[in-house]
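Visitor: The amino acid sequence is not available; the structure is as follows:
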Ligand code: GLU
């Protein structure tokens, strides 16, 4: 198989792959040219699977690894809509239904100008293993559009969402594919999407989307779940060495939904978040981020994070720059993919970071992950550490199916229990495959084996 090209992030030495896995990787490169992020996500999983294929040749014999790297279905569609000035705008919509061995495709929709097929496929691929790790009956999928909601009015966002759903509705359903939010898609967008689905299908099918509002089928804790889950995961890591968040300085990147609720939970557990960021710059607040102010700036005013520093004495705003230059004990990248490369990793290590956990999907490059490993920094990959969001989506589906609504306390306790389960599964699997303490290998192997066994049981489909 021809190697299409060598991905940009791979120009430093990488772990050699077992020959059978190298064949799979070469085929992925050849079949999916130009999709760097997807290549990166696949390579990262394949690098963990060496010991699995030596122990279980059946996964290679049944072409399970080949099949898992090829989406079951990929949908690309035109999304025309009219802006407030009466001009017709055009975007592209995607839904990649990657793997349904464990349950209906499940995963968010991302609306961001950077979205193209390679991003949706990397996210969908990661989602397979993440969803498997949660222990819930959900397959993996992802979707989105290159639509940029920034600067758009509510009416424009609504018209875009209606047009997007006018095509998407044919492909989804509570037993087929259950989308949710991701970057650029929150409660407002899920509302417009659900409204259009209901109107077109004439069905009040609550379980078709998650992240819904509380009065129309949503679940308590879903908004907070990804950020809370990441912090619960770190709490489990700290407990393994008898520590806690008490007195720890934490840096969080981003200031969207994941970041905001990570800050909230860190503070509840006794840590102090001293910095967070947006795409224009970052703020440092040694007294600890004032969460109400942050929520007001980002959730209510939908403004730039610099307004936080304007309103808060003692806080400072740094335009541009890297939030990872701020010293901390624990770093939670909660913004977007590949935000921490080797240089940022080195800055974090110099600043004293001992634990890094991914609240976003794949925010650390392979070079960054290697730098953390070499420096003895504990690293928790997103497919384990940020699985709380999708796990709580599965709890929302459970409530919808039983026409029930759980209390905040009960739902949060279920989330904490699921994160504990993921954490323990990663460590037990890492031990079993002789890579103790390696959360990346533990997450990839445990996530893979469950899906692979189901795929073998279901036959060649
Ligand atoms: N987009 C989130 C994730 O990356 C949540 C997906 C969901 O709730 O289905 O896992």
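Guide: Cool, got the structure. Just so it is clear, the model here is predicted, and its values are computed rather than measured. Numbers count the residues shown, from 1 in each chain.

Visitor: contacting residues around the residue of the stretch 201-350 of the chain found nearest the ligand?
Guide: Of all residues in the stretch 201-350 of the chain, the one sitting closest to the ligand is residue 210 (5.3 Å; CB to the nearest ligand atom). Glycine gets a C-beta too; all of them are placed from N, C-alpha and C. Residue 210 makes contacts with 178, 179, 180, 190, 218, 219, 222, 393, 396, 397, as judged by CB atoms under 8 Å, 6 or more residues apart in numbering.

Visitor: So the second one belongs to a strand, correct?
Guide: Yes: the assignment for residue 179 is a strand, going by DSSP: H, G, I helix; E, B strand; the rest coil.

Visitor: Correct me if wrong: it contacts residue 168.
Guide: Yes: with contact defined as CB atoms under 8 Å, residue 179 counts as touching residue 168 (7.4 Å).

Visitor: what's the overlap in contacts for those two?
Guide: With CB under 8 Å, 6+ apart as the test, residue 179 and residue 168 both reach 95, 143, 193.

Visitor: so who does the first one touch?
Guide: Same thing as residue 95. Contacts of residue 95 by CB under 8 Å, 6+ apart are 74, 75, 120, 141, 142, 143, 168, 171, 172, 177, 179.

Visitor: Most neighbours out of these, which is it?
Guide: Neighbour counts for the contacts of residue 95 peak at residue 141, which has 33 neighbours (criterion: other CB atoms under 10 Å).

Visitor: mind checking pLDDT for the closest residue to residue 332 other than its chain neighbours?
Guide: Excluding the flanking residues, the one nearest residue 332 by CB to CB, 6 or more residues apart in numbering is residue 252, at 4.7 Å. We have a pLDDT of 98 for residue 252.

Visitor: any chance you could map the helices in the stretch 301-450 of the chain?
Guide: Counting by DSSP state H, counting those that start in this stretch, residue ranges of the helices within the stretch 301-450 of the chain are 306-311, 342-350, 366-375, 382-385, 388-401, 408-432, 439-458.

Visitor: Deepest in the core, which of those helices is it.
Guide: Of all the helices of the stretch 301-450 of the chain, helix 382-385 has the most neighbours on average by mean count of other CB atoms under 10 Å, namely a mean of 29.

Visitor: re earlier: in helices only, show me the shared contacts of residue 179 and residue 168.
Guide: residue 193 (DSSP state H).

Visitor: from the shared contacts of residue 179 and residue 168, which is closest to the ligand?
Guide: Nearest member of the shared contacts of residue 179 and residue 168 to the ligand, counting by CB to the nearest ligand atom, is residue 143, at 10.1 Å.

Visitor: who's in contact with that closest one?
Guide: Counting by CB under 8 Å, 6+ apart, residue 143 has contacts 75, 93, 94, 95, 96, 107, 108, 109, 110, 120, 168, 179.

Visitor: Take these and write them to TSV, including distance to the ligand.
Guide: As requested, the contacts of residue 143 are arranged in TSV below (distance: CB to the nearest ligand atom, whole Å):
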residue	distance to the ligand
75	17
93	16
94	14
95	12
96	13
107	5
108	3
109	8
110	7
120	12
168	14
179	7
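
Visitor: Nearest to residue 307 among the residues you listed?
Guide: residue 110 (25.0 Å; CB to CB).

Visitor: ok, now which ones touch the closest residue in space to residue 412 that isn't next to it in sequence?
Guide: Excluding the flanking residues, the one nearest residue 412 by CB to CB, 6+ apart is residue 221, at 5.2 Å. Taking CB under 8 Å, 6+ apart, we find residue 221 in contact with 228, 392, 395, 408, 411, 412, 415.

Visitor: Return the member of those nearest to residue 32.
Guide: Distances from residue 32 to the contacts of residue 221, taken by CB to CB, are shortest for residue 392, at 31.0 Å.

Visitor: number of nearby residues for residue 354?
Guide: That count, for residue 354 with other CB under 10 Å as the rule, works out to 20.

Visitor: do the same with residue 404
Guide: Neighbours of residue 404 using other CB under 10 Å come to 9.

Visitor: That one and residue 329: what is the separation?
Guide: 40 Å (CB to CB, to the nearest Å).

Visitor: and the spatially closest residue to residue 113 that is not a sequence neighbour, helix, strand or coil?
Guide: Counting by CB to CB, 6+ apart, residue 148 is the residue found nearest to residue 113 once chain neighbours are left out, at 4.5 Å. Assigned with three-state DSSP, residue 148 falls in the coil class.

Visitor: name the helices or strands packed onto the helix or strand of the chain with the lowest mean pLDDT?
Guide: Here the helix or strand of the chain ranked lowest by mean pLDDT, DSSP states H and E is helix 58-61, holding a mean of 89. Applying 3 or more CB pairs under 8 Å, 6 or more residues apart in numbering; DSSP states H and E, one finds that helix 58-61 contacts helix 50-55, helix 439-458.

Visitor: Secondary structure element holding residue 89?
Guide: strand 88-99 (DSSP states H and E).

Visitor: now that strand, how far from the centre of its chain.
Guide: 18 Å (CA atoms, centre = their mean, to the nearest Å).

Visitor: Would you map the strands across the protein?
Guide: For the chain, the strands defined by DSSP state E occupy 73-82, 88-99, 105-111, 140-145, 177-180, 249-253, 272-278, 281-284, 316-319, 330-333, 355-357, 378-380.

Visitor: Distance to residue 422 for the shared contacts of residue 179 and residue 168 - can I get that in a markdown table?
Guide: Below are these laid out as a markdown table (distance: CB to CB, whole Å):
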| residue | distance to residue 422 |
| --- | --- |
| 95 | 26 |
| 143 | 24 |
| 193 | 28 |
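
Visitor: Please name the nearest non-neighbouring residue to the residue nearest the centre of the chain.
Guide: The centroid of the chain falls nearest to residue 361 when counting by CA atoms, centre = their mean (3.7 Å). In space, residue 361 comes closest to residue 382 once its chain neighbours are excluded; the distance is 5.0 Å by CB to CB, 6+ apart.
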